[in-house]
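> Below are the sequence and a predicted model; questions follow.
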Amino acid sequence: MAKVEIYTSPFCGYCAQAKKLLEKKGVAFEEIDVFMAKGARETMTERAGGKTSVPQIFIDDESIGGNDDLYELEFDGELDAKLGLAG
């Protein structure tokens, strides 16, 4: 199974949607709240190539992007392979 990290903030609907999809797939992920974790927003922005919006999702340290990008991978049938889920 892939290592999944998701940077979020409270009351973010897009963050909730992304987490819901990952949970539906039974994928464990580390959630990093950019408001609560000191320096998390700066780390996220650097890792995401300058992107500052949440969520920012990383699979095996690869920047996937945000919620729309995650759902696009799902729609294109590429998400399960990235997550290491048997098809």
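Arrived safely.

> Next up, the contacts around Thr8.
Under the criterion of C-beta atoms under 8 Å, 6 or more residues apart in numbering, the contact list for Thr8 reads 15, 19, 31-34, 54-55. Every C-beta, even on glycine, is put in place using the N, C-alpha and C of the backbone.

> how about a cut-off of 10 Å?
Each residue near Thr8 by C-beta atoms under 10 Å, 6 or more residues apart in numbering is listed here: 14-16, 18-19, 31-36, 40, 44, 54-57.

> Need the nearest residue in space to it, chain neighbours excluded.
What sits nearest to Thr8 in space, not counting adjacent residues and going by C-beta to C-beta, 6 or more residues apart in numbering, is Cys15, at 3.9 Å.

> Which helix or which strand is home to that neighbour?
Using DSSP states H and E, the secondary-structure element containing Cys15 is helix 13-24.

> Mind checking which of the contacts of Thr8 land in strands?
Among the contacts of Thr8, the residues falling in strands (DSSP state E) are 31-33, 56-57.
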